[in-house]
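Participant: Sequence and predicted model, in that order:
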Amino acid sequence: DSGVTQTPKHLITATGQRVTLRCSPRSGDLSVYWYQQSLDQGLQFLIQYYNGEERAKGNILERFSAQQFPDLHSELNLSSLELGDSALYFCASSATSRQMNYGYTFGSGTRLTVV
Amino acid sequence: KNEVEQSPQNLTAQEGEFITINCSYSVGISALHWLQQHPGGGIVSLFMLSSGKKKHGRLIATINIQEKHSSLHITASHPRDSAVYICAVRGNRDDKIIFGKGTRLHILP
């Protein structure tokens, strides 16, 4: 157990729908990062939150949004889902605001299937 | 051309063989990571490198900053090493993280 908890583990939904993925960071970590891993694109950084504030943005679509709550858990909202959004979505956390620095830990991912 | 290229894409080897996975990148970097992704999907960070060489158990990672190249070696490979190995770099201008597409390793017993 990495200490980073992602729910749900699997999600199947229809095109056009909206889903919310949840991430609880490791205890004491202030940063939460979201990544998308699709078969053809590999891992891609979506967005980072640090202590409740958006810190960095990657290749995140306008249909996607995220937030980090006062208890530091984060949610990634995906709307108007398309078949191409089917992917593994990973969350990671760290104590600092620098991406992929020491102590960086991934969750086990949420597998989203859009049908 | 991708900014981070890994080779080979797929590798099958017999248990006990010495394994080498390569990562070449085209941008200036401040750090390079090797990640391991197991068949179940979970990702584990193996190494973070900015120069030289690091060793952990049977795993060795090296980096040559001048040649913009890193290698991950596995000695005495074992079926439990079967996983996807991903190289990721952090750009030294913008801290942007770029991932390679991964090398799928399968070790046969």
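Facilitator: Good, I have the coordinates.
Participant: pull the CA atoms of stretch A:58-71 into CSV?
Facilitator: C-alpha atoms of stretch A:58-71 as CSV (Å, rounded to 0.1, in the frame of the first residue of the first chain):
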residue,chain,number,x,y,z
GLY,A,58,-0.5,19.9,-18.3
ASN,A,59,-2.5,18.4,-21.1
ILE,A,60,-5.8,18.6,-19.4
LEU,A,61,-8.9,19.0,-21.7
GLU,A,62,-11.4,21.7,-21.0
ARG,A,63,-14.0,19.0,-20.3
PHE,A,64,-11.9,17.9,-17.4
SER,A,65,-11.5,19.8,-14.1
ALA,A,66,-10.1,19.1,-10.7
GLN,A,67,-10.0,20.5,-7.2
GLN,A,68,-8.3,19.9,-3.9
PHE,A,69,-10.3,20.2,-0.7
PRO,A,70,-9.3,21.5,2.7
ASP,A,71,-8.7,17.9,3.9
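Participant: what is the mean pLDDT for it?
Facilitator: For stretch A:58-71, mean pLDDT rounds to 95.
Participant: Stretch B:6-16 too?
Facilitator: 97.
Participant: show me the residues around the residue most central in space within chain A that make contact.
Facilitator: Residue closest to the average C-alpha location in chain A (CA atoms, centre = their mean): residue A:34, at 3.1 Å. With contacts defined as CB atoms under 8 Å, 6 or more residues apart in numbering or on different chains, the neighbours of residue A:34 are A:23, A:45-48, A:60, A:66, A:74, A:76, A:89-91. Placement of C-beta: from N, CA and C, glycine included.
Participant: Those residues in helices, which ones?
Facilitator: Taking DSSP state H as the definition of helices, these contribute nothing to them.
Participant: Return the residues of chain A in contact with chain B.
Facilitator: Residues of chain A lying near chain B by CB under 8 Å from any CB of the partner chain: A:2, A:42-45, A:56, A:58, A:88, A:90, A:92, A:98-102, A:104-106, A:108-109, A:111.
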